[in-house]
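*Asks:* Got a predicted structure plus its sequence, pasted below:
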Amino acid sequence: MARAFFRRLALIPPTLLGITLVCFALLQVLPGDPASLRFEGEGGSPAAVDESALARFRAEHLLDQPLWKRYLHFLGPFDLSERGPTWLGGSGESTFGGVLAGDLGRELLRPSVSIGDELVERLKITLPLSLVAALFIYGLALPMGAFLALARSSWLARALDAALFALYAVPGFWLALVLQASFGAGGLGWFGVVGLHGRDADPERTLEYALDTAAHVVLPLAAVIAPSLAYVARQMRSSVLGVLDSDFVLAARARGLSERELLLRHVLPNALTPLVTLAGQTLPWLVGGWVVIETVFEIPGMGKYAYDGLMRREYDVVAACVLLSALLTALGHLLSDLAQAWLDPRVRLG
Amino acid sequence: MSDALEVRGLRVSYRERGEWADAVDGVDLRLERGRVHTVLGESGCGKSSLALALLGLVRAGGRLSASALSLEGSELRFDDARALAQLRGRGVGLVLQESAQALDPRLRVEQLLTAGLAVAAVPAAERRARAAALLSRVGFEAPQDVLQRFPHELSGGMRQRVQFAWALSTAPRYLVADEPTASLDALLARRVVELLASLAERDRLGVLVVTHDLAAAAEFGGSASVMYAGRVVERGPVRELLLAPRHPYTAALVRAAPAREPFEVALEGLPGRAPLPRERTEGCAFAPRCALARAECRSVRPVLVRQSDGRELACPPAGEAFEP
Amino acid sequence: MQRLSTLLALWVCVLSHALTGPAAAQGSLAPAAARGDSTPDRFHPDLDAAARAKPPERRGGSIVLHADALPQSLNFLIDNSAMCRRLQREVHAALVERDPWTLELRPSLCVKWVREDALVLRDGQRVYGELEEDGESWRVRSRQASGESDSPRTVRRDSVERVIRGAAYTFFVRDDVLWHDGQPFSVDDLLFTWELTRNPAVACDAKRFQYERISSARKLGPHTLRFEFDSTYYASLAVFEALTPLPRHLYDLRDPRHPEHDPKASDEALARHVNSHRCNREWIGLGPYRVSQFTNEFLELQRFERYFDPARAGWLERIRFRPIADDRAALQALIAGEIDFTPRLLSEDYFGPATNSDEFRERFYTGYFYTPIASYVGWNLRRAPFDDVRVRRALAHAFDWDELIASFYGGLARRVTAEWVDTGPDYDEKLAPLPYDPALAAKLLAQSGWIDRDGDGRLDKDGKAFEFALLVQAGNKSGEALSQRLQESLRTLGVSLSIESLDWPSLSRKVEQREFDAAALAWIMPVDSDPAQRWHSREVGTGTGNYASFADAQVDEWIDQVQSTVERAERTRLMHAIQARVYEQQPYLYGVSVAKRFAISKRIRNFRTSVLDPGYSVREWRLAE
């Protein structure tokens, strides 16, 4: 078991390597480059600067280099830029750099900002939000799904099922705008629609600050939770239905077990196993699911960082976000496999 | 007051394309303690639905009714939860066809059995010993070892025997076994037959075996019902039934006996196939395939008639041939 | 409520004293009809009698402003973004600053400056001073370091090789200026900064062309500094507005006060240090406001108590800029009370019920002001058929701008015929925009050979149909509106236009590489425009500002002249000539200057609009009691 675990763990780095390589190649396809943004002119015209300045900027950030070299620079552990080690043709000012050296680099347009530090700052916002979202999604969806399956012929379950299906079909972006319009200032005015804090939010006054923050995250959370809630609830429903239909439940019922015992001993534990897998696989969603929502609600988290990075052609920012997302994906799969191995005696980690 | 489980006018229907279709279409059945009764038929004839219905169970999407149901003299109803509680567990046990799905994959054998023993009100302290005893009863030589196993760690034959032990753990007086020998090889099948026979004889259980396997049925002895399209077409002592079938369908079944797989078997000399529940019409369901069919066979539903030798037959033309 | 509507009736006046020129900006409240600006507006705070009756404003209080994005940095030397520039007035100061109301440059970090001309003698020597022609010789009145004039010196004309007007500026720097970290500001900071601009690795490329005009800088005394120019440049003083000093004690690796002091630091190392300095965001400046918080959520400015000029100090204690990319969300934030001001109301919100309900008007004023931003469609003159002036003029006649202004902008836009401030002296407002005349357009196209020969409804020439692609920034609503209407107008003429929506980096790159037929863009019209960048034929290469690749010998000549023309009237004459000549050639489809529609909390007082971007001056805002 432990060996299998470490073997799986060892598979993660090559996976990440592949994913970041694909990401890098895809970014190449995007037209435009950050150099033209760095020297953006005023009022939305390209800037009038010396071609040599652009060339210098491109050279400094390897934007004029072939893909493989930029990728190796991103990867590390050696700095391939002009400042790299002398044996690589650099000036020798810096030897190490790149992901393998634990350095995600600096933003191109804000050279004073280290991408790694910024990622941590952003995660401090997105991670708690995601955890709350996950808590709500699973806390609500599992009982809901179980109810949908167990009381499937009741009108309440049918209505809920239809509602969930509609919710699942709604695009998150659209839902976010509808929520903004209905509950924001233009509508009922119950919740904040931009940012995380009100105008006079004062972290010193803990309770007020917390309430204010809560009022601001209600809508974005709802926009993130709703579609996933619907999805997970429907997954739970079909999982429970599948177990209810199985022979061992029939047999257990034949033993005269009460419905409650049946549910607790046989149905729910078996129905939850695939849901645990699902939960592990939604770990990367912690980042991806927020891209649109954070952008709409102006929340400076991971998702918005990735979005802005893409818009500004900050290749390293996007690559870092993808790397993180890929890492979470790999970890998520590993965790869900571990959980499954723990929950389901038939499954062996291999 | 008798030691028997009896049901009259049993009907199991499933909703298909918005309409209710009867999988079991008015069957009467009496299961006596200490006896084995076999229900024979092709797949889809409703025999499995009949087996489950004896415990008040029905597969998803189905419904269940009977004009009368009694367990050892006390009248029960399918829509009464208390009645069902009497029926299941301590009343009737159930063994299903062996499959990976038949046992809860997450539970060890011991957990499975002790849950049943709890239903039978066995004190917690004795359950482990009793569970081991149950495993011995169904033929395990190292019950302590088996107790610790998960279902996927057992062979198909072992799992089938665990099912028996699980069914017996609630100390039922009747046992319904749905295709207990299917998907087992001949040797294992034989041991199951022996076990069932011994349960009837030694433990005085009323055993109902549902099978498509005529050879196995012959082994059980006792009586048998032959089902076709949701109805019992012939009933009597199993050996007589097999040696001297009277209903044209039974006769066809017997001729086809060597085929162990019932699925898609074109019964020898019979055109067409058995009708699906929603395709059934008035009259004898077998009439379209029957050489003896007469005009009224297609319009009048034949009833099971007790003949002079005690066998029952639902075919007026065949009945007339024996008892003109 | 009734009082409100009475007041609203009173507000039927035209906004923007700035538009009517300096005189009106000085406080004349008379409703004045600015050029092309006849739409009645509902807003003029100074006409709000109720507001005036309230107790006087006090210093202090805090407000939150809407920004479409936060700047990448606050170091104006290396950050050319509009947002960074707009914030300079609040967080920083330069030797001179432009008064938003008079548009004149005035002293900021200096007490005064002295401008001198120079005589370049045949032996290479220069004689500085105030020049006076006196027959066969020049009389030079030198006014160096002391600021006092000494007795004039006479130089013979035949020993003079050339004359440089405005060859030297001597600044008498204030001695009471403090950086936001409390360190004293000195001329050394300025010298250090100017030296940085000569370091090619410092990322000030977008402004280097300005700094490069200074040929040398010298410290004359503890508070005196002299900059010299090699040639006459009409906008030389404006260079000192763009030369924003950096604190030497924080940025100069070779300064002993620097925490990472390294006397042997290379120019490259110094440049890298400057380009990625943490203080580019955690700004230490000289302005009336210091940066107290700069997060991803907001930028917060705090009034700098020790700001050197009490007369220009800020009133508000705290100013926050909240980035909200979506303008509709910004309006919601305004209504929710999270922001106090947005200059980016959508047209449908401005005219629609959202901002016209009684509840809304109870709390906010709405209005509009013109900022010097104008739209245009740039033609690529390197590509046929845009190399033909008749085609370009035909396209100009083919589009009905007035319809666009009325239907899309609700009347709040006006046509422009040049790329510099359309209320400034350089702009010839008598030059009438080309009228909408599809018949004339068809005629011009026919003259240039574009006729529908094969009868397929599309013009052709030499077997090729008239079709081209217009690049538009994706998500830019006015660009999309323009392109769709242009497409429609041209279709009726038999010209097929395909719209290509690109995100900004892609569009910008294509224009820079001249890989386009036409591009819908916008410019910020400067007060002191330098037409050289946009129209001089030497700027046609890739990466430079002449995207249209416009080349005209006459324009080149005038541009060269205007560079060294300091005299206002002559300069105006030349600029008008350039304007007329370029407009006649139509290298652009000249567009419109669009009013910004704003909403502002009624708590805010002393809101005035200026023609200078961003169009208002936050440091002058106050809060009502």
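*Replies:* That came through, no problem. Treat the numbers as computed from the prediction; the structure is a model and nothing was measured. Numbering: from 1, shown residues only, chains lettered A, B, ... in the order given.

*Asks:* chain center to stretch C:99-113: distance?
*Replies:* Centroid separation for stretch C:99-113 versus its chain: 17 Å, with CA atoms, centre = their mean, to the nearest Å.

*Asks:* separation between C:Pro71 and C:Phe294?
*Replies:* As judged by CB to CB, to the nearest Å, C:Pro71 and C:Phe294 stand 9 Å apart. In short, each C-beta sits where N, CA and C put it, glycine included.

*Asks:* So those two - more neighbours on which side?
*Replies:* The neighbour comparison of C:Pro71 against C:Phe294 (other CB atoms under 10 Å in any protein chain shown) goes to C:Pro71, with 25 against 18.

*Asks:* Is chain C within reach of the helix ranked longest in chain A?
*Replies:* For chain A, the helix with the greatest residue count under DSSP state H is helix A:206-244. No. Contact of helix A:206-244 with chain C (CB under 8 Å from any CB of the partner chain) is absent, the minimum separation being 9.2 Å.

*Asks:* Heading C-terminal from that helix, find the next helix or strand.
*Replies:* helix A:247-254 (DSSP states H and E).

*Asks:* Which residues are in contact with A:Leu275?
*Replies:* For A:Leu275, the contacting residues are A:Tyr138, A:Leu142, A:Val232, A:Gln235, A:Met236, A:Ser239, by CB atoms under 8 Å, 6 or more residues apart in numbering or on different chains.

*Asks:* Wasn't B:Leu69 part of a helix?
*Replies:* No. Counting by DSSP: H, G, I helix; E, B strand; the rest coil, B:Leu69 falls outside a helix, being strand.

*Asks:* can you pull the contacts of it?
*Replies:* B:Leu69 makes contact with B:Glu6, B:Val7, B:Arg8, B:Glu75, B:Leu76, B:Arg77, B:Phe78, B:Ala83, according to CB under 8 Å, 6+ apart.

*Asks:* where does the fourth one land on pLDDT?
*Replies:* Meaning B:Glu75. B:Glu75 carries a pLDDT value of 87.

*Asks:* so it sits right up against B:Ala68, yeah?
*Replies:* Yes. With contact defined as CB atoms under 8 Å, B:Glu75 reaches B:Ala68; the gap is 7.1 Å.

*Asks:* For the spatially most central residue of chain C, what are phi and psi?
*Replies:* Closest residue to the average C-alpha location of chain C: C:Pro526 at 4.4 Å, with CA atoms, centre = their mean. Main-chain dihedrals, C:Pro526, degrees, to the nearest 10: phi -80, psi 160.

*Asks:* does the closest residue to it other than its chain neighbours sit in a helix, a strand or a coil?
*Replies:* Using CB to CB, 6 or more residues apart in numbering or on different chains and skipping the chain neighbours, the partner closest in space to C:Pro526 is C:Trp420 (6.0 Å). Secondary structure state of C:Trp420, per three-state DSSP, is coil.

*Asks:* Show the contacting residues for C:Trp420.
*Replies:* C:Trp420 neighbours (CB under 8 Å, 6+ apart): C:Pro372, C:Asp426, C:Tyr427, C:Met525, C:Pro526, C:Val527, C:Ser529, C:Pro531, C:Met575.

*Asks:* Point out where chain B drops to low pLDDT.
*Replies:* For chain B, the stretches with pLDDT under 70 are B:1, B:257-271, B:324.

*Asks:* Now it against chain A: closest residue?
*Replies:* Of all residues in chain B, B:Gly89 sits closest to chain A, at 2.3 Å by CB to the nearest CB.

*Asks:* quick one, phi/psi of the closest residue to that residue other than its chain neighbours?
*Replies:* The shortest distance from B:Gly89 to any non-neighbouring residue, by CB to CB, 6+ apart, is to A:Gly256 (2.3 Å). Main-chain torsions, A:Gly256, degrees, to the nearest 10: phi 90, psi 20.

*Asks:* picking up where we left off before, wait, the residue of chain B closest to chain A touches B:Ala120, no?
*Replies:* Yes. The pair B:Gly89 and B:Ala120 passes the contact test of CB under 8 Å, sitting 7.2 Å apart.

*Asks:* Next, show the common contact partners of those two.
*Replies:* Applying CB under 8 Å, 6+ apart, one finds that B:Gly89 and B:Ala120 are jointly contacted by B:Thr170.

*Asks:* Looking at these two, which has the bigger crowd around it?
*Replies:* Between B:Gly89 and B:Ala120, counted using other CB under 10 Å, B:Gly89 has the larger neighbour count: 24 against 17.

*Asks:* wait, what's in contact with the more buried one?
*Replies:* Neighbouring residues of B:Gly89 by CB under 8 Å, 6+ apart: A:Ala254, A:Arg255, A:Gly256, A:Leu257, B:Gly116, B:Val119, B:Ala120, B:Thr170, B:Pro172.

*Asks:* ok, C:Asp176 - how many residues close by?
*Replies:* C:Asp176 has 10 nearby residues by other CB under 10 Å.

*Asks:* Return the distance of the closest residue to chain B within chain A relative to C:Glu419.
*Replies:* In chain A, the residue found nearest to chain B is A:Gly256; the distance is 2.3 Å by CB to the nearest CB. As judged by CB to CB, A:Gly256 and C:Glu419 stand 89 Å apart.

*Asks:* B:His37 too?
*Replies:* Taking CB to CB, one finds B:His37 at 101 Å from C:Glu419.

*Asks:* residues near residue 99, how many?
*Replies:* With no chain named, the answer covers chain A. 20.

*Asks:* Chain C is the one I meant
*Replies:* With other CB under 10 Å as criterion, C:Asp99 counts 15.

*Asks:* Ok, A:His333 next?
*Replies:* Residues within reach of A:His333, counting by other CB under 10 Å, total 19.

*Asks:* same thing with C:Glu130?
*Replies:* Look at C:Glu130: counted by other CB under 10 Å, it has 15 neighbours.

*Asks:* from the contacts of B:Gly89, which is closest to chain C?
*Replies:* Nearest to chain C among the contacts of B:Gly89, with distances taken as CB to the nearest CB, is A:Leu257, at 54.8 Å.

*Asks:* does that closest one really touch A:Arg265, like I thought?
*Replies:* Yes. Applying CB under 8 Å, one finds A:Leu257 in contact with A:Arg265, separated by 7.2 Å.

*Asks:* show me the contacts for the nearest residue to C:Arg328 once chain neighbours are set aside.
*Replies:* Nearest non-adjacent residue to C:Arg328, counting by CB to CB, 6+ apart: C:Leu346, 6.2 Å away. Listed by CB under 8 Å, 6+ apart, the contact set of C:Leu346 reads C:Asp327, C:Arg328, C:Leu331, C:Arg597.

*Asks:* Can you check those residues and name whichever has the most neighbours?
*Replies:* The member of the contacts of C:Leu346 that has the most neighbours, counting by other CB under 10 Å, is C:Leu331 with 27 neighbours.

*Asks:* Name the helix or strand for that one, please.
*Replies:* helix C:327-335.

*Asks:* Against which helices or strands is that helix packed?
*Replies:* If you count contacts as 3 or more CB pairs under 8 Å, 6 or more residues apart in numbering or on different chains; DSSP states H and E, helix C:327-335 packs onto strand C:62-67, strand C:341-342, helix C:347-351, strand C:588-601.

*Asks:* Residue most distant from the centroid, chain B?
*Replies:* Distance from the C-alpha centroid of chain B, by CA atoms, centre = their mean, peaks at B:Ala125 (34.5 Å).

*Asks:* What residues does the stretch 201-350 of chain C have near chain A?
*Replies:* Proximity of the stretch 201-350 of chain C to chain A (CB under 8 Å from any CB) is limited to residues C:201, C:203, C:205-206, C:208, C:268-269, C:275-281, C:295-298, C:320, C:322-326, C:329-339.

*Asks:* Is it correct that the residue nearest to the centre of chain C is in contact with C:Pro372?
*Replies:* Yes. In this structure, C:Pro526 is within contact of C:Pro372 by CB under 8 Å, at 7.3 Å.

*Asks:* what sits in contact with each of these two?
*Replies:* Shared contacts of C:Pro526 and C:Pro372 (CB under 8 Å, 6+ apart): C:Trp420, C:Val421.
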